[in-house]
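Peer 1: model the following, please.
(chains A, B and C)
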Amino acid sequence: MAITISTPTWVGSALPRVEDETLLRGLGWFMDDIDPLPHAGHAAIVRSPFAHARIVSIDASEALAVEGVIGVVTGAEIAAVTAPFPSVLDVPIDYRPAAADVVRFVGEPVAVVVARDRYVAEDAAERIRVEYEPLAVVADPASAADPAAVVLHAGTTSNVVSDRSFCYGDPAAAFRDAALIVRRSFRHPRSSATPVECYGVIAAWNAATGGVDAWANFQGPFTLHGVAAASLGIPAAQLRLRTPLQSGGSYGIKAAVYVYVVLLAAVSRLLGVPVRWTEDRGEHLLASSSATERLTEVAAAFSADGRLLGLELDLLDDVGAYVRAPEPATLYRMHGCLTGAYDVANLAVRSRVVVTNRSPTGLNRGFGGPQLYYPLERTMAIAAGELGLDHLELVRRNLVGAAQMPYHAAAGAIYDSGDYHRCVDELLEVADHDELLAFRAEARATGRLVGLGLAVVVEPSVSNMGYISLAQTAAERARGLPKSGNSEVVAIALHPHGGVTVRFTSTPQGQGHATVAAQIVADALGLQPQDVAVQAEADTGGHPWAVSSGNYSSRFSGVVASAIHQAATLLAGRIRALAAPQLGCAADAVVLAGAAARHPDDPDRSVSLRRLAGGAHWNPVGTGAAGDVNGLALTATYSIPLAEPDGDDRCNTSAAYGFIADLALVEVDRETGVVQVLRYATVHDAGRILNPLIANGQMLGGLAHGLGAALLEEHRHDEDGNLLTATFLDYTPPTATELPPIRHRAIETPSPVTPLGAKGLGEGNTMSAPACLANAVADALGIDDVPLPLTPARVWSLIPREPA
Amino acid sequence: MKPAPLRYVRPQSVAEACAALHAEPEAKVIAGGQSLMPLLNFRLAVPEVLVDLAGIPGLRGIVVAEDSVEVGAMTTQRALERDADALAACPLLALALPHVGHTTTRNRGTVGGSIAHADAAAELPCVLACLDGSVIVAGQGASRQQAAAGLFVTHLTSALAADEVLTAVRFPVLADSWRFAFHEVTQRHGDYAMTMIACAADVVAGRIVEVRIAAGAIADRPLRLTEAEQAVVAGVELGEVRRIAEASIEPSGSPHAPAAYRRALVGALVVRCLEQVLAA
Amino acid sequence: MRVTLHVNGRAYARDVEDRLLLSDFLRHELGLRGTHVGCEHGVCGACTVLVDGAAVRSCLVLAVQVDGAALRTVEGLAATDGALSPLQSAFREHHGLQCGFCTPGILMSATEALDRGELTDRQAINELLSGHLCRCTGYVGIVEAIAAAVGLPPAEEQAL
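Peer 2: Residues are numbered from 1 along each chain as shown, chains lettered A, B, ... in the order given. Take a look at the predicted model:
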């Protein structure tokens, strides 16, 4: 009789994190905590106070006289030992880690001081005299795109450095046949996720090898390691880039730290000493990175009964002074799913990139999603009003149906799974929609400004490495190397004395990758999660990695977890094969449980993994385990199948697509403009949840970013390009008191494209919340034009008033 | 973001502190440092000498008397917030103190430091202006009393001479018939206010017979809204008081809070305060 | 200037520059890296430590100002036998941390407030947390962890 050996299933359980104890005791090793190269000099960066100016001269003599100063390096000297950063766009933009002759944004580095400590370095930095000749400034995308505007980069004829048009289906016919066409303009402001830990870099140039050893709280290697090596003019294998064990948050923002890796490596080369730099908050807000500002023109064609027949999107992304890789990816990350959650086959898109005299943009939680859904979801709400339909009803009439899955969206995305209608139904239940409607009616009767907002979004995860080539025409793509897929490399080993290590390059910044990896491996090998040691940090010289390796586009659950699962399954197979002769059963029948290989029918016949490992390691000849580190250490790569863009510019831009539906009830204070969110409800379907505790944390964290961007956060510049939000008193991320009561529910529709059925999550609510709250405030005020963020002063100015 | 080089001195008496300030024109007093330290870190303030009052005995403590609550300059805002007798004697402090920064800054920030810093958007100067309070100032000669009116000269500038030290703050205790209200609008809890109104009103038989209204964060110093005060006492209806209050000021603007918005907030918060004291 | 003080019960004496920030002193002079620096202008709260029992931002204090004081940092929260404090354990159970960078400062603020018995409801917890920035958690896990450490019942759905 077969017996059942109960094996706990770790995947899917709300296991508290293995990462936590180290952090709770203050024992993490963050970037500023590590000192791998003793006696490194401390850098301070001299930055431009002008948004656009010619550098006339730099006088460092006073700075060099400060006691404790090791040296000063200017942008011109750095230019001499670096090459421009490569870009996917074929335009002559000479972007270096420091400006040599022309500065193009406030905060652009112009010189670097290295001294014995940061205090002295700052003393000396103040004594560097830079003479500037100011030039005309274009500090917003609309002015920059004006053909009459001053052109930022010599060799280009326009600040619009990329202009692509796409057409799917027959949008012209859709608009011809429409009963209603809604046209609106939107501006999505710049915001930034501002991790509490700023950037940090340590770099040392090796004059003997011409190589660089660097440490940074980076989130790659990703494609950007190669970009950094190219700028340094060294073979990529000569740039050994490591990340510390802990990283204090990123949400995409730290992808741009690679620019400073190049800067510090160049400074190290020029001064002959290792150097380190910890960015301060002023530098971070001024010059690190942010989301793009996007201007969007939407035209939406509807039938009389509210069917969305066609969509036209004109997108203009302000990427700042330079097109810093991976930009212009913000424009294309969402490309395949530009039609959102709606079933519409006819789509016309124009995607333009404009450079301005502002700091360069980059990855920021939601990446392209908030920029898309705020215009799209506002347009749906406005259209509902014009059609005389309830917004909810209009959404329901247009949602992609469960029976349509997998759904081929107009621009190429293949929505893998989901039941959007069910999610909306559950949202109404979670939110207690009837109560909200009754409350709104009652409050309005007494003159209160109360509104309901709805937003539905498709949340892509695991980016197709080929989507960025949509910035090129099909003909341009054909001349280059095709790009597709998304991969991760995992090394796993059963050690001679038992215990398993698993290693990959997902560079977590708080997402609990080690915990989930331990859960997956524990399940595959019949272990406890604490038996599994996980290394997820990057070491480009110490562990094989893929060009897609890193932490972005919510790729962990979809591709990294799949790779871990695959590697652990392969190792389990080898363990079974080793154990089978000893247990006297077929390899396939061996049960791995309780840290042992067991006979399927006889619990007394087992051999511990420790004993098996010892045998294989010590007696490879006798056990037949010779080769490939005795069979018990292996490296495996998993690639998620995602094709390159086709000749018609269709591209499945991500591997998996989750769904989020949000409902918010807000009240606007008529006199102060303060928006109070009385209830925020959200339902998400991110496929199979690998760890509910962590998934909830990611969802709530993403929502907080969305709420902050909706209500509080904007990087504002004046017309001279000066940043007006250069401290945490002016750039205002929410604190606990600013966040509303939240209700949420997770629905699990497994993804058919990932081995564990999981999709990425954590960005969806960052995409949905600004759209949802804008809809709610529009409803409360009875107006169409609702700009972001909804700060008290701005909302106050929107409140309709009786003429005086 | 590190302070520029400076010399730190820790005098043992007020006289020693004044002498140190007198000897070094580029000296600056540090009390709790919760407003000064960010300026040092940004190098927006670069004093050569920092004169710390923390070592001087007798500058901490709260005395609740018949007519005033006298708070030693180095008393932390938290210590005042936790002094039930002081808050009962001066209820406006109880309403305003929770808006002063956060618990961790109030733990170190001092009452005297907040007044002497003369930030036009800080709560305690606005409270002192509302209550017609005063401060005790020590200098090279005898110590003197300085009324709140005239104390706040312009943003971050008080009427204290460079070699004077603020040693105590007196918040007047008003009769039992007085009612109080404090309202401000901020981007986030604990942020600098975009506008604040402090109000004290003597309410007799449901009617305001005397009132003091102070506005913060709308000019270079806390302002008393005297025209609105007079209108209230004259029995003008609230809507008209709002209009008078709004018309009586010329607010400065900022990116987060343009002038027109601040003006409207003044009107709205004045009405809110008056409704509250009348309802109490 | 010479600074003599106690941190987590241990005596230290160092000669430091007058301008040295307490946050840098703890991290770079004493090697107590658990105190984190996030803004250096007193907003984010990551550098919060206890000075004579009061939670303060160590970036807004000079090391010379705390001469003679008794400090407590995150390294001093666990019991002498190494066990996590109930507050630390609650953070783990309620997923009150993700990247963990802001966590030490929050633990220190909450430790003072817990010791003083000031956290009587979630509103008080929220107000305490208004002096801290966390960009990972959305604060829900933090509030629930502190609420659990205080002994408050689990959060309920709020009526409008």
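Peer 1: any idea how far C:Ile146 is from the residue nearest to C:Glu118 when sequence neighbours are not counted?
Peer 2: Setting aside the residues directly before and after it, C:Glu118 is nearest to C:Ala124 in space (C-beta to C-beta, 6 or more residues apart in numbering or on different chains), at 6.2 Å. Where you see a C-beta, it was placed from the backbone N, CA and C, and this is true even at glycine. Applying C-beta to C-beta, to the nearest Å, the value for C:Ala124 to C:Ile146 is 9 Å.
Peer 1: what of A:Asn398?
Peer 2: According to C-beta to C-beta, A:Asn398 and C:Ile146 sit 43 Å apart.
Peer 1: so these two - more neighbours on which side?
Peer 2: Comparing A:Asn398 with C:Ile146 by other C-beta atoms under 10 Å in any protein chain shown, the one with more neighbours is C:Ile146, at 29 against 21.
Peer 1: name the helices or strands packed onto the strand or helix carrying the more buried one?
Peer 2: Assigned by DSSP states H and E, C:Ile146 belongs to helix C:140-150. Using 3 or more C-beta pairs under 8 Å, 6 or more residues apart in numbering or on different chains; DSSP states H and E, the elements in contact with helix C:140-150 are helix A:692-711, helix C:86-93, helix C:103-116, helix C:122-129.
Peer 1: output these as CSV; include the columns mean neighbour count and mean pLDDT.
Peer 2: Conversion of these to CSV gives the following (neighbours: other C-beta atoms under 10 Å in any protein chain shown; pLDDT from 0 to 100):
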stretch, mean neighbour count, mean pLDDT
helix A:692-711, 26, 98
helix C:86-93, 20, 98
helix C:103-116, 24, 98
helix C:122-129, 20, 96
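Peer 1: let's have those in TSV, adding distance to A:Ala780.
Peer 2: Shown next, in TSV, are the helices and strands packed on helix C:140-150 (distance: least, C-beta to C-beta, whole Å):
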stretch	distance to A:Ala780
helix A:692-711	13
helix C:86-93	37
helix C:103-116	34
helix C:122-129	24
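Peer 1: residues of the stretch 701-804 of chain A that sit close to chain B?
Peer 2: For the stretch 701-804 of chain A, the contact set with chain B under C-beta under 8 Å from any C-beta of the partner chain comprises A:712, A:716, A:724-725, A:727, A:729-730, A:732, A:734-735, A:737-738, A:791-793, A:796-797.
Peer 1: now do the phi/psi pair for residue 42.
Peer 2: This is for chain A. Backbone geometry at A:His42, expressed as degrees, to the nearest 10, gives phi -100, psi 130.
Peer 1: give me the below-cutoff pLDDT ranges for chain A.
Peer 2: Under the criterion pLDDT under 70, the flagged ranges of chain A are A:1-8, A:625-630, A:803-804.
Peer 1: and the pLDDT at the closest residue to B:Met74 other than its chain neighbours?
Peer 2: Nearest residue to B:Met74, sequence neighbours excluded (C-beta to C-beta, 6+ apart): B:Leu59, at 3.9 Å. pLDDT for B:Leu59: 98.
Peer 1: check the one 3 residues further on too.
Peer 2: The confidence metric pLDDT takes the value 98 at B:Ile62.
Peer 1: what residues are bridge-paired with it?
Peer 2: On the basis of DSSP bridges, B:Ile62 is bridged to B:Val71.
Peer 1: gap between the two ends of stretch C:67-78?
Peer 2: Using C-alpha to C-alpha, to the nearest Å, one end of stretch C:67-78 lies 25 Å from the other.
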